[in-house]
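K.L.:
Sequence below, structure please.
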Amino acid sequence: MPTTDTSTILQTIMTELQKVNDENIPLSETTDITTDLHVDSLAIMELVFALEERFDVSIPLNDLGDVRTIGQIAQLVERKKLGNVA
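P.N.:
As a prediction, this is how the structure comes out:
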């Protein structure tokens, strides 16, 4: 079974977020999507949808409560790919 590595997940997240990165802020694993990028809830929903489609996972909205950085989003996607709910 092929696995998706962290760098692929991170690159996908950064590509999606670049669409709403109007200030051209450098993106990294530590970039806070709300504080640094000022991403609104609609953009977050679009990001989640794109990640669900790309990586064939389901990300319930309640799983996003403590997720703030690009790295945390990538970790969440990895956990979902592995079938873990935590």
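
K.L.:
Phi and psi next, for Asp32.
P.N.:
When read as degrees, to the nearest 10, the backbone of Asp32 gives phi -80, psi 120.

K.L.:
List the beta-bridge partners for it.
P.N.:
Thr69 (DSSP bridges).

K.L.:
buried set for the helix or strand encompassing Glu52?
P.N.:
Here Glu52, judged by DSSP states H and E, is contained in helix 41-55. For helix 41-55, the neighbour count (16 or more other Cβ atoms under 10 Å) marks Ala43, Ile44, Glu46, Leu47, Val48, Ala50, Leu51, Arg54, Phe55 as buried. Any C-beta I mention is one placed from the backbone N, CA and C, and that applies to glycine too.

K.L.:
Which strands and helices lie in contact with it?
P.N.:
helix 6-18, helix 70-82 (3 or more Cβ pairs under 8 Å, 6 or more residues apart in numbering; DSSP states H and E).

K.L.:
Include mean neighbour count, distance to Ile33 and mean pLDDT when you put those helices into CSV, please.
P.N.:
Formatted as CSV, the helices and strands packed on helix 41-55 follow (neighbours: other Cβ atoms under 10 Å; distance: least, Cβ to Cβ, whole Å; pLDDT from 0 to 100):
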stretch, mean neighbour count, distance to Ile33, mean pLDDT
helix 6-18, 16, 7, 95
helix 70-82, 18, 7, 95
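
K.L.:
I'd like those helices laid out as a markdown table, including distance to Thr31.
P.N.:
Listed next are the helices and strands packed on helix 41-55 as a markdown table, based on distance: least, Cβ to Cβ, whole Å:
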| stretch | distance to Thr31 |
| --- | --- |
| helix 6-18 | 8 |
| helix 70-82 | 5 |
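
K.L.:
right, and these - which one's nearest Asp32?
P.N.:
helix 70-82 (8.4 Å; Cβ to Cβ).

K.L.:
Output the contacting helices and strands for that closest one.
P.N.:
Checked by 3+ Cβ pairs under 8 Å, 6+ apart, helix 70-82 has helix 6-18, helix 41-55 packed alongside it.

K.L.:
re the thing from before, go through the buried residues of helix 41-55 and name the one nearest Asp63.
P.N.:
Using Cβ to Cβ, the buried residues of helix 41-55 come closest to Asp63 at Val48, 9.3 Å.
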